[in-house]
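Trainee: give me the fold of what follows.
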Amino acid sequence: MYNPLLDTFLTVIDCKSFTKAAEKLFITPTAVMKQMNTFENQINIKLIERTPTGVSLTPAGEIIYRDAKFIMDYSEKSIASAKAASLKHNTTFCVGTSMLNPAKPFMDLWYKLNQYFPDYKLHLVPFEDNHEGILSEIKSLGEKFDFLIGVCDSKAWLSLCNFLPLGRYKKMIAISPEHRLATKKIVEISDLYGETLMMVKKGDSGINDLMRNDLKMNHPQIAIENTPHFYDMSVFNRCAETGNVLLTIECWQDVHPGLVSIPVNWDYSIPYGLLYSFNASKDVFKLVEKAKISTSFSKETAVRKE
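Mentor: Here you go, the predicted structure:
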């Protein structure tokens, strides 16, 4: 930050005397002179003229004097802002949220766990769903976000972060309201014969690759169109524009106003859960551990009820 010898320089000029400056700084006149000599030597600029009647500024000194108070004030504000940011970081969980990866499931989890974090608050950080940029958002875990929550069966995503499954979403289809299947409450796989099904291209998702192999082997009457590995709004727009069928999930039913989502009579689903950094803070790992316990308890309770 700013050089603390600026304080001595400003005091000397304001007092127009080494002796008076020494009284104000609670040091000896000799110490004041030594500090001024050190300051001038450090920056290799002569700042003041010493005369029997006091001190005066050189042309270079006038420039330093003019800017010094601004530098000091700016530095003090910078330090204060940094301290505030540090405090906020230490008592806030930042949660990423987007249209396809909304923070609501995290909020539901937080209401169960916030008793263990009485000093913490949540800060939602919006980000864009962009199939070309989503990996950079995942890399931001631990910096831009503490957590993301979303669907994850991606090899690329899992190579960049930890993942705690919290549940599963059923695979559905999205179609235009004018589509011949739009009035059905549930679709059979055979209803999709003759249609073009849009789904992520092969190689990144084990579940989607399994579905693709099943459809190609057992239902060749369904054509498959590749989409990028990661959906964004352009994929939903293409579905609406072409009249094709889009493979989607139950939590995305209201993503696009020009599409309706319908369940399919199959057993395919995909996990969703917490994504967090490999190098997360202790409190992030603590929350994850509490979430594991809460999730296990919920599953045990559900089994008992069944």
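Trainee: are we agreed that Thr38 is in a strand?
Mentor: No - counting by DSSP: H, G, I helix; E, B strand; the rest coil, Thr38 is not found in a strand; it is helix.
Trainee: can you verify my assumption that it contacts Leu5?
Mentor: Yes - here Thr38 reaches Leu5: they are 6.5 Å apart, a contact under Cβ atoms under 8 Å. Yep, even glycine has a C-beta here, placed from its N, CA and C like the rest.
Trainee: who does the helix or strand Leu274 falls within touch, helix- and strand-wise?
Mentor: In the assignment (DSSP states H and E), Leu274 maps to strand 269-276. Helices and strands touching strand 269-276, by 3 or more Cβ pairs under 8 Å, 6 or more residues apart in numbering; DSSP states H and E, are helix 104-113, strand 148-151, strand 162-175, helix 282-305.
Trainee: so which of these gets nearest Thr227?
Mentor: Among those, strand 162-175 comes nearest to Thr227, with 11.9 Å by Cβ to Cβ.
Trainee: now what about the strand holding Leu274, what contacts it?
Mentor: With contact meaning Cβ atoms under 8 Å, 6 or more residues apart in numbering, strand 269-276 is reached by 105-106, 109, 138, 141-142, 146-153, 157, 161-171, 205, 207, 249, 251, 284, 288, 291.
Trainee: chain center to it: distance?
Mentor: Taking the mean of its C-alpha atoms, strand 269-276 sits 16 Å from the chain's own mean (Cα atoms, centre = their mean, to the nearest Å).
Trainee: next one: stretch 114-125
Mentor: 16 Å.
Trainee: quick check: the residue located most distally from the centre of the chain vs Glu62, distance?
Mentor: Note on the chain: the largest C-alpha distance from the chain mean falls to Pro52, namely 62.4 Å (Cα atoms, centre = their mean). Going from Pro52 to Glu62 by Cβ to Cβ, to the nearest Å gives 21 Å.
Trainee: same deal with His219?
Mentor: 84 Å.
Trainee: just Ser17 next, same as before
Mentor: If you go by Cβ to Cβ, the gap between Ser17 and Glu62 works out to 18 Å.
Trainee: so these two - more neighbours on which side?
Mentor: Ser17 (18 against 13; other Cβ atoms under 10 Å).
Trainee: partners of the closest residue to that one other than its chain neighbours in the sheet?
Mentor: What sits nearest to Ser17 in space, not counting adjacent residues and going by Cβ to Cβ, 6 or more residues apart in numbering, is Gly54, at 5.2 Å. For Gly54, the beta-bridge partners are Thr51 (DSSP bridges).
Trainee: pull the number of nearby residues for Gly54.
Mentor: Neighbours of Gly54 using other Cβ under 10 Å come to 15.
Trainee: and for Phe39?
Mentor: For Phe39, the neighbour count with other Cβ under 10 Å is 20.
Trainee: would you quantify the distance from the residue nearest to it when sequence neighbours are not counted to Asn41?
Mentor: Leaving aside its sequence neighbours, Phe39 sits nearest to Leu5 (Cβ to Cβ, 6+ apart; 4.0 Å). Leu5 sits 10 Å away from Asn41, going by Cβ to Cβ.
Trainee: which elements pack onto the host helix or strand of Asp14?
Mentor: Using DSSP H and E, the element containing Asp14 is helix 5-15. Applying 3+ Cβ pairs under 8 Å, 6+ apart, we find helix 5-15 packed against helix 18-25, helix 29-43, strand 54-57, helix 59-90.
Trainee: report the angle between it and helix 18-25.
Mentor: 120 degrees (axes from the mean of the first three to the mean of the last three Cα atoms, to 10 degrees).
Trainee: how far off centre is helix 5-15?
Mentor: Worked out by Cα atoms, centre = their mean, helix 5-15 lies 45 Å from the chain centre.
Trainee: do stretch 9-17 as well
Mentor: Worked out by Cα atoms, centre = their mean, stretch 9-17 lies 48 Å from the chain centre.
Trainee: same question for stretch 182-202.
Mentor: 34 Å.
Trainee: about what we covered before: okay, Thr38 and Leu5: which has more neighbours?
Mentor: Using other Cβ under 10 Å as the criterion, Thr38 and Leu5 rank with Leu5 on top: 15 against 12.
Trainee: list the contacts for that one?
Mentor: Contacts of Leu5 (Cβ under 8 Å, 6+ apart): Gln35, Met36, Thr38, Phe39, Gln42.
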